[in-house]
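J.: got a predicted model here, sequence first, then my questions.
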Amino acid sequence: MPIITTAREDTCRACGGRVRKGELADYESAKGVAHLEPECRTGEVRFRPNRRAGTCRCGARVPKGGGLLLLERDEGATGGGKRWAVRCARCSR
């Protein structure tokens, strides 16, 4: 898990607290940003901001900021890019 200097303000994936721009943070593309404290670095992903509206696998429309954002596929070096999925509150439980 690399430690980065954040380029913008974000939300901690574990506690939901604010991670300020320029702050050192733990980062994984599949999970998001977390504070450096052990509770946040190793904690469960509960807050992954969803900045786009989308459709859940059940067909429900998920508004911007709602639901859960998941990384389904990361083809990285093969040139395929990342595929993100949005889950509604009902399906993310």
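T.: Now that the structure is in, tell me what you want to look at.
J.: going forward, measure contacts and count neighbours with C-alpha atoms only.
T.: OK.
J.: now residue 69: closest residue in space, sequence neighbours ignored.
T.: Excluding the flanking residues, the one nearest residue 69 by C-alpha to C-alpha, 6 or more residues apart in numbering is residue 86, at 4.8 Å.
J.: quick check: phi and psi at that neighbour.
T.: Backbone torsions for residue 86, taken as degrees, to the nearest 10, come to phi -110, psi 130.
J.: which other residues reach the lowest-mean-pLDDT helix or strand in the chain?
T.: Using mean pLDDT, DSSP states H and E, the weakest-scoring helix or strand in the chain turns out to be strand 68-74, at a mean of 75. Strand 68-74 is contacted by residues 29-31, 47-50, 80-89, 92 when judged by C-alpha atoms under 8 Å, 6 or more residues apart in numbering.
J.: now with 7 Å?
T.: Strand 68-74 is contacted by residues 30, 48-50, 81-88, 92 when judged by C-alpha atoms under 7 Å, 6 or more residues apart in numbering.
J.: picking up where we left off before, how many other residues sit next to the residue nearest to residue 69?
T.: Using other C-alpha atoms under 10 Å, residue 86 has 24 neighbouring residues.
J.: isn't it right up against residue 54?
T.: Yes - Residue 86 is in contact with residue 54 according to C-alpha atoms under 7 Å; the separation is 6.2 Å.
J.: which ones are touching the residue lying closest to residue 7 once chain neighbours are set aside?
T.: Once flanking residues are discounted, residue 7 sits nearest to residue 21: 5.5 Å by C-alpha to C-alpha, 6+ apart. Applying C-alpha under 7 Å, 6+ apart to residue 21 gives the contacts 6, 7, 8, 9.
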